[in-house]
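Visitor: take this sequence and fold it.
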Amino acid sequence: MTSEILILMKFELMVIIILFIILFLKIGQHKMSTATLLNLVNILLGINFAVGLFGNISGEAFGDMFKSTPLIHLEKNILNLAVLIISLQSREWLSTHKHVPEFYVILLASLSGMFYMISAQNMFMFYLGLELSTIPLAALVNFDLLKRRSGEAAMKFIISSAFSSGILLFGISLLYGALGTLNFEDISVSMTGEPLLILSFVMILAGFAFKMSAVPFHLWTADVYEGAPVAVTAYLSVVSKGAIIFVFFSVLYGAFQNIFISWYNFLFLISVLTMITGNLFAIRQTNLKRFLAFSSIAQVGFILIGISGNSTEGAAASVFFIVIYLFSNLGAFGVISLVSAKTGKENISDYKGFYKTNPLLAWVLALSLFSLAGIPPTAGFFGKFFLLMSGGGQNNTVLIVIAALNMVVSLYYYLKVVKAMFMDSNDNPIQKLDTGFQAGLAFIICVVGVLATGLFGGCYEYIFSIIHL
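Guide: Below you'll find the predicted structure:
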């Protein structure tokens with residue numbers, strides 16, 4: 001029985017083992033050089049990802065509070081891959097930082113919380129996982145201790161997170177007071193359209209919306225993304241957001257299935273506001289991190305369309321899009337991270353003439369932006385296509401038309417960056433940058449993912465096959 005539980009919790013245990021290895025190296029008498037430590041950590045993260053591909057079993061533990069299924073295995077390994085890519089891309093920045101062990105300890109502590117949150121089948125365990133994943137993020141946002149804007153971003157993040165957690169916890173409290181249970185299956189059986197239960201759901205939805213950066217709970221996002229180190233911004237944008245979206249559709253389809261009509265109306269409104277607001281504000285941005293912050297807000301609007309389909313197709317499209325979003329966003333953030341670490345430049349205007357000095361990096365960034373915009377044949381086109389198709393299952397033509405128009409608007413601001421790199425001239429362009437082996441490997445993974453994930457349909461078909469709602 002004990003061995004079965006250990007295998008069920010393999011993902012969590014692997015992350016904790018790596019965390020303790022790094023911690024022991026930190027407190028040991030023989031100090032390891034930063035370069036050696038970075039190489040070791042990346043090897044361990046690679047092993048962690050590889051181990052997650054094999055030997056997984058399905059089951060439940062702790063009184064059905066913890067659940068493991070093929071879909072959950074895939075979701076956790078998607079996050080493992082994202083963390084590996086971020087670590088590879090961050091080598092240049094971390095090589096000059098004196099708190100490398102602390103960075104990974106905090107990062108992995110947050111990742112373990114996300115794993116518990118994804119496996120939770122009880123609101124109490126979900127909330128514990130959420131807090132375990134969120135509190136370390138504030139420390140990561142403030143990791144550039146000597147930069148004032150990093151501390152300001154951390155303050156905004158922790159205040160916003162505390163506020164959203166309070167709303168979420170109050171909603172969970174109302175739910176428990178009304179139903180006497182926090183188990184997802186029991187909630188689903190007892191959930192009705194009574195005003196108190198709808199109020200509790202609205203508060204829980206608001207808590208999720210804060211974590212996902214959905215409008216009108218998005219105001220913290222751009223400031224935090226701009227102030228945090230680029231590696232942390234990438235982690236917030238992909239890993240943190242991906243984890244909360246995985247949990248969100250699981251909770252909707254599991255605990256609140258019986259009030260589908262009510263939450264569909266909420267999702268319709270939130271998705272429309274999120275797409276429009278994200279796109280309109282992205283047009284105005286000059287800083288690339290703020291630009292990608294509002295871009296990620298707009299992407300959440302598209303994901304909510306897929307989730308609103310309330311179907312296996314909707315769940316599959318959402319997971320599939322997160323995979324595509326991982327490669328696309330990390331490809332963009334990888335280039336920005338490298339440029340920022342070597343030159344300190346983060347504005348769109350700084351990238352004028354970038355193609356002339358760094359053609360390969362310019363193409364990586366361009367392909368990533370094309371995918372985020374949904375331009376064929378990149379994977380982003382197929383991801384948004386599946387999201388719109390699953391959302392269209394409710395025959396809401398208005399929602400699909402609004403989404404299509406927003407895709408057209410998004411083309412403008414994504415292509416604005418591409419134009420700066422390939423067409424605009426610059427008397428003082430960014431100099432030729434040495435990518436390095438590990439960052440180069442990360443870029444190859446992202447480019448292959450952007451091109452191959454959509455063109456080869458096996459990824460979506462596999463995701464669809466393992467989803468059982």
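Visitor: how about the helices in the stretch 351-469 of the chain?
Guide: 354-357, 359-373, 379-391, 397-422, 437-455, 458-466 (DSSP state H, counting those that start in this stretch).
Visitor: go through the longest one and flag the buried ones.
Guide: By that I understand helix 397-422. Neighbour-count burial for helix 397-422, counted by 16 or more other Cβ atoms under 10 Å, picks out 399-400, 402-403, 406-407, 409-411, 413-415, 417-418, 420-422. In short, each C-beta sits where N, CA and C put it, glycine included.
Visitor: so where's the stretch 351-469 of the chain uncertain?
Guide: For the stretch 351-469 of the chain, applying pLDDT under 70 flags the ranges 393-394, 457, 469.
Visitor: give me the contacts around stretch 183-192.
Guide: 64-65, 121-123, 175, 179, 181, 197, 251, 254-259 (Cβ atoms under 8 Å, 6 or more residues apart in numbering).
Visitor: now do stretch 443-463
Guide: Against stretch 443-463 from outside (Cβ under 8 Å, 6+ apart): 71, 74, 85, 89, 316-317, 319-320, 323-324, 326-328, 330-331, 334-335, 360-361, 364, 367-368, 371, 377-383, 386, 435.
Visitor: ok, now with 7 Å
Guide: 74, 85, 316, 319-320, 323-324, 327-328, 330-331, 334, 364, 367-368, 371, 377-379, 381-383, 386 (Cβ atoms under 7 Å, 6 or more residues apart in numbering).
Visitor: now swap in stretch 219-239 and tell me
Guide: For stretch 219-239, the surrounding residues in contact (Cβ under 7 Å, 6+ apart) are 79, 82-83, 86, 89-90, 93, 107, 137, 140-141, 143-144, 149-150, 152-153, 156-157, 160, 213, 287, 289-290, 292-294, 296-297, 325-326, 329-330, 333, 336-337, 340.
Visitor: what's the answer for stretch 408-418, then?
Guide: Contacts to stretch 408-418, defined as Cβ under 7 Å, 6+ apart, come from residues 279, 282-283, 298, 348, 351, 366, 369, 372-373.
Visitor: now render those as JSON lines, adding neighbour count.
Guide: Below are these laid out as JSON lines (neighbours: other Cβ atoms under 10 Å):
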{"residue": "279", "neighbour count": "23"}
{"residue": "282", "neighbour count": "24"}
{"residue": "283", "neighbour count": "13"}
{"residue": "298", "neighbour count": "24"}
{"residue": "348", "neighbour count": "19"}
{"residue": "351", "neighbour count": "28"}
{"residue": "366", "neighbour count": "21"}
{"residue": "369", "neighbour count": "27"}
{"residue": "372", "neighbour count": "26"}
{"residue": "373", "neighbour count": "22"}
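Visitor: which single one of those is nearest to residue 426?
Guide: When these are ranked by distance to residue 426 (Cβ to Cβ), residue 351 comes first, at 8.4 Å.
Visitor: the closest one: what's it in contact with?
Guide: Contact analysis of residue 351 by Cβ under 7 Å, 6+ apart lists 417, 420-421, 430.
Visitor: how about a cut-off of 6 Å?
Guide: In this structure, residue 351 makes contact with 420-421, judged by Cβ atoms under 6 Å, 6 or more residues apart in numbering.
Visitor: that older thread, need the helices of the stretch 351-469 of the chain in a markdown table with distance to residue 26, can you?
Guide: As requested, those are exported to a markdown table (distance: least, Cβ to Cβ, whole Å):
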| stretch | distance to residue 26 |
| --- | --- |
| helix 354-357 | 38 |
| helix 359-373 | 33 |
| helix 379-391 | 38 |
| helix 397-422 | 39 |
| helix 437-455 | 21 |
| helix 458-466 | 38 |
